[in-house]
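**Student:** Fold the following.
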Amino acid sequence: MIEQLVEQIQARFAELEGQMSDPAVIGDRERYAEVGREYRDLQPARELASEYSTLKDDLEGARELLEEGEDAELRKVVEEAPARIADLEEGIRLAMVERDPNDDKNVLVEIRAGTGGDEAALFAGDLYKMLTRYAEERGFATEVLSQSASEAGGFKDVTLAVKGDGAYSVFKYEGGTHRVQRVPETESQGRIHTSTATIAVLPEAEEVDVQVDPNDLQIDVYRSSGPGGQSVNTTDSAVRITHKPSGIVVSMQDEKSQLQNKDKAMRVLRARLLEREIAEQQAKIASERKAQVGSGERSEKVRTYNYPQGRVTDHRIKHTSHNLDGVLAGNLAEFTDALSAEEKRQRLQAAAIG
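**Tutor:** A predicted model of the protein is given here:
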């Protein structure tokens, strides 16, 4: 079984390599991008497959030579190679697990202050900085779609778009309730307070992904207002869109133009409708075949940031980092990698059950 899979990986990779240098493919921008994406996706599996083939040959050769006489180096190969081959077999299977179909999409990230008043809003601001820095580190572009600042600092809520190939595959693990344990600056007794903020990560939907009937929309316009009811501008530029069948309501007022606010509101509406569709599809899958790590529900506590102990714990995979400052500065790769590996393991298990 694994031998066949290794052969398939190597044959497909060679085929893609040939296509990458084919003038007909190079001349077709869309086709070239598609081939390039599959080539990049297959590269990790191909590297594992190559190491597997080489090591299997080395082991076979070592066993044959040992029959002719003892050799310390060959004996070492025979003793150590089987364990590495077993690891490579699992790695190859995991690398070939079917990806989430939304992994390549851009995302909309909604961060909202939860329980904890001003401290929760400050924490929402910390999470916003953490995620925008992580996006920059991964080479993604960010764009703030809407924000409601807190007078004490941070945000009551903020929505941003993260754009780049595979953005959803990286940011989907951030969805859920994030909890912070620290002493607020206003706390005179030095007591530790616990506050929360929620993050929702939505794959950004293209018009082809979600068809929205204009007759299903109620669009209201009103005057934008700033903090304390102060008028931001004198025209009815703010937009509220209600999707009547689902009851989803999206409001936008950050832009001075009604058209820009409407465009942004439609982006968020389409993303929420796609999220709803995905949730319905996943609900049909048996509970033991969940496609994601955890349910991704906003009510689910996914991570705790403990300031006194300088640690961050992800509760879904029981993974702890003692580099709190680094994580808040955007060094989230260790969590993403661990969560991605766990998701692949669950998908592999689900495929075996199926």
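
**Student:** Buried residues, the lengthiest strand in the chain. List them.
**Tutor:** Counting residues, the longest strand found in the chain (DSSP state E) is strand 193-203. Using 16 or more other C-beta atoms under 10 Å as the test for burial, strand 193-203 gives Ser195, Thr196, Ala197, Thr198, Ile199, Ala200, Val201, Leu202, Pro203. Yep, even glycine has a C-beta here, placed from its N, CA and C like the rest.

**Student:** now do stretch 218-227
**Tutor:** Buried residues in stretch 218-227 (16+ other C-beta under 10 Å): Ser224.

**Student:** Let's test this: mean pLDDT of it, rounded?
**Tutor:** Across stretch 218-227, pLDDT averages out at 77.

**Student:** One more: stretch 154-167?
**Tutor:** For stretch 154-167, the mean pLDDT works out to 91.

**Student:** Show me the helices in the chain, by range?
**Tutor:** Ranges of helices in the chain, per DSSP state H, are 2-20, 23-26, 29-66, 72-95, 117-137, 167-171, 258-284, 324-328, 333-353.

**Student:** Would you mind putting the buried residues of strand 193-203 into JSON lines with distance to Arg12 alongside?
**Tutor:** Formatted as JSON lines, those follow (distance: C-beta to C-beta, whole Å):
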{"residue": "Ser195", "distance to Arg12": "49"}
{"residue": "Thr196", "distance to Arg12": "45"}
{"residue": "Ala197", "distance to Arg12": "43"}
{"residue": "Thr198", "distance to Arg12": "41"}
{"residue": "Ile199", "distance to Arg12": "37"}
{"residue": "Ala200", "distance to Arg12": "36"}
{"residue": "Val201", "distance to Arg12": "31"}
{"residue": "Leu202", "distance to Arg12": "32"}
{"residue": "Pro203", "distance to Arg12": "26"}
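
**Student:** so which of those residues comes closest to Asn106?
**Tutor:** The shortest gap between Asn106 and any of the buried residues of strand 193-203 belongs to Pro203, at 7.7 Å (C-beta to C-beta).

**Student:** That closest one reaches Gly166, doesn't it?
**Tutor:** No: using C-beta atoms under 8 Å, Pro203 is not in contact with Gly166, being 11.3 Å away.

**Student:** got the domain boundaries for this structure?
**Tutor:** The chain breaks down into these domains under automatic domain parsing: 2-95, 107-204+291-353, 214-281.

**Student:** Deepest-packed of those domains, please.
**Tutor:** Counting by mean count of other C-beta atoms under 10 Å, domain 107-204+291-353 has the highest mean neighbour count of these, with a mean of 18.

**Student:** Let's have the domains of the chain in a markdown table, adding distance to Pro101.
**Tutor:** Formatted as a markdown table, the domains of the chain follow (distance: least, C-beta to C-beta, whole Å):
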| stretch | distance to Pro101 |
| --- | --- |
| domain 2-95 | 13 |
| domain 107-204+291-353 | 9 |
| domain 214-281 | 9 |
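
**Student:** mean pLDDT for these: which is lowest?
**Tutor:** domain 214-281 (a mean of 81).

**Student:** what residues are up against Glu334?
**Tutor:** His319, Ser321 (C-beta atoms under 8 Å, 6 or more residues apart in numbering).

**Student:** Quick check: the gap between it and Asp103.
**Tutor:** 19 Å (C-beta to C-beta, to the nearest Å).

**Student:** follow-up on the earlier one: nearest to Thr186, of the helices of the chain?
**Tutor:** Of all the helices of the chain, helix 117-137 comes closest under C-beta to C-beta, at 7.5 Å.

**Student:** quick check: angle from the closest one to strand 193-203?
**Tutor:** With axes from the mean of the first three to the mean of the last three C-alpha atoms, to 10 degrees applied, the angle from helix 117-137 to strand 193-203 works out at 40 degrees.

**Student:** roughly how far out does helix 117-137 sit from the chain middle?
**Tutor:** 16 Å (C-alpha atoms, centre = their mean, to the nearest Å).

**Student:** ditto for stretch 36-49
**Tutor:** The chain centroid and the centroid of stretch 36-49 are separated by 20 Å under C-alpha atoms, centre = their mean.
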